[in-house]
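J.: need a 3D model of the following:
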Amino acid sequence: MRALRFDGKQPVLVHDAPELEPAPGEALIRPIRVGVCSTDLELCKGYMGFIGTLGHEFVGIVESVNGSDPRKLTGKRVVGGINVVCTKCDMCRAGLSTHCRNRTVLGIVGRDGCFADRFTLPETNLALVPDNVDDDTAVFTEPLAAALQIKHQLRIEGSPYITVLGDGRLGLLAAQVAAQLNASVRVIGKHADKLAMCEKWGIKHRLLSEVGLREDQDIVIDCTGSADGLTTALRMVRPRGTILLKTTVVSDAADGVDHQANLAHIVINEIDLVGSRCGSMSEAMESLTRCEVDVVSLISKRMRLDDGPAILSAATQPGVIKVLVDV
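T.: Take a look at the predicted model:
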């Protein structure tokens, strides 16, 4: 079996990965199309200390189910939530299962991911893909769910000014979600070609180099994927404003640059700092079914699993927003 794995030093495509059997309550899935996420790139820099098969954004076909009613899912096209939880810890019992103390996370923490010929997930994690949602659209369900989580964590009062900081994959999804709120939304980034995509959605956009950092934004959503994102956000948000962090990066002291944000600024200006991670897969699928968010325009490049580590290299190239991989 083929699998694109990170061995602790570098990504490598193996052809002899062990064949899988689903554990009780799990499904064996054959991925059709998978997406490269910034988290995959960070894992290859040492994030979370992960070793194993990469990938967590997928649409696939269920080949078998080790459960009480295998016919319910077998042969069906599915997407899936990435957090595999115990259901028993205090977080799970409190309804906060994405923060399960014993969780594994597909292709990120303690569980091999979907950049392979087969992988497994609990059947409770899976959601059926409607016939009117194609594979290119369905593969965006997980990142869109993360973007939609913003709506549940922000307190919208009046008509606030919202800046989405970052013009990459997540930033452009977050901008479309924020535009559905009662707010004045703009995207700030470093790449004119990526920012230009906002024109088709009617969203304001500016290059970071052209923006005055005046501490006048009610809400700043950091989707930069950069260690400097929080520092920039702090220079944009008003006193008693809110910064919502979607960025997870590996701290790199080896580059000789001090990326430490001035945390005193948060205290002095009484800034609300909110972390934001996963969201509802069912909510995201409903949004895609209703065509509320344009995801297909974000596709920059298509590759195949046999392209191996070049898949990850392609995702870092200038102008590339989203790389999709056919398995």
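J.: measure Val12 to Leu312 for me?
T.: Val12 is 11 Å from Leu312, where distance means CB to CB, to the nearest Å. The way it works is simple: take the backbone N, C-alpha and C, and place the C-beta from them, glycine included.
J.: who has more neighbours out of the two?
T.: Between Val12 and Leu312, Leu312 has the larger neighbour count (other CB atoms under 10 Å), namely 22 against 12.
J.: ok, and the closest non-adjacent residue to that one?
T.: Nearest non-adjacent residue to Leu312, counting by CB to CB, 6 or more residues apart in numbering: Pro11, 5.5 Å away.
J.: so what pairs up with Leu128 in the strands?
T.: Val78 (DSSP bridges).
J.: give me the number of residues near it?
T.: By other CB under 10 Å, 14 other residues sit near Leu128.
J.: can you check the pLDDT for it?
T.: Looking at Leu128, its pLDDT stands at 97.
J.: by contact count, what packs against the top helix by length along the chain?
T.: Selection of the longest helix in the chain by residue count, based on DSSP state H, yields helix 141-153. Packing partners of helix 141-153 (3 or more CB pairs under 8 Å, 6 or more residues apart in numbering; DSSP states H and E): strand 57-65, strand 77-80, helix 169-178, helix 281-289.
J.: redo these as JSON lines? Include distance to Gly49.
T.: Output for the helices and strands packed on helix 141-153, formatted as JSON lines (distance: least, CB to CB, whole Å):
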{"stretch": "strand 57-65", "distance to Gly49": "21"}
{"stretch": "strand 77-80", "distance to Gly49": "23"}
{"stretch": "helix 169-178", "distance to Gly49": "23"}
{"stretch": "helix 281-289", "distance to Gly49": "26"}
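J.: tell me which of those sits nearest to Val323.
T.: Proximity to Val323 (CB to CB) singles out helix 169-178 among these, at 9.4 Å.
J.: got the contact list for the helix or strand following the closest one?
T.: Next helix or strand after helix 169-178 toward the C-terminus (DSSP states H and E): strand 184-189. Strand 184-189 is contacted from outside by 159-168, 171-172, 175, 178-179, 195, 198, 203-208, 211, 236, using CB atoms under 8 Å, 6 or more residues apart in numbering.
J.: what lies in contact with stretch 133-146?
T.: Residues outside stretch 133-146 that contact it (CB under 8 Å, 6+ apart) are 32-35, 37, 56-59, 77, 79-82, 127, 129, 169-170, 173, 177, 246, 276-281, 283-285, 287-289, 293, 295-296, 298-299, 324.
J.: returning to that earlier point: wait, doesn't the residue nearest to Leu312 sit right on Asp307?
T.: No - applying CB atoms under 8 Å as the test, Pro11 and Asp307 come out as separate, 11.1 Å apart.
J.: the more surrounded of those two?
T.: Pro11 (20 against 17).
J.: coming back round to it: show me the contacts of strand 184-189 that map onto strands.
T.: Tyr161, Ile162, Thr163, Val164, Leu165, Lys204, His205, Arg206, Leu207 (DSSP state E).
J.: which of these count as buried?
T.: By neighbour count, with 16 or more other CB atoms under 10 Å, the ones in strands among the contacts of strand 184-189 hold Tyr161, Ile162, Thr163, Val164, Leu165, His205 as buried.
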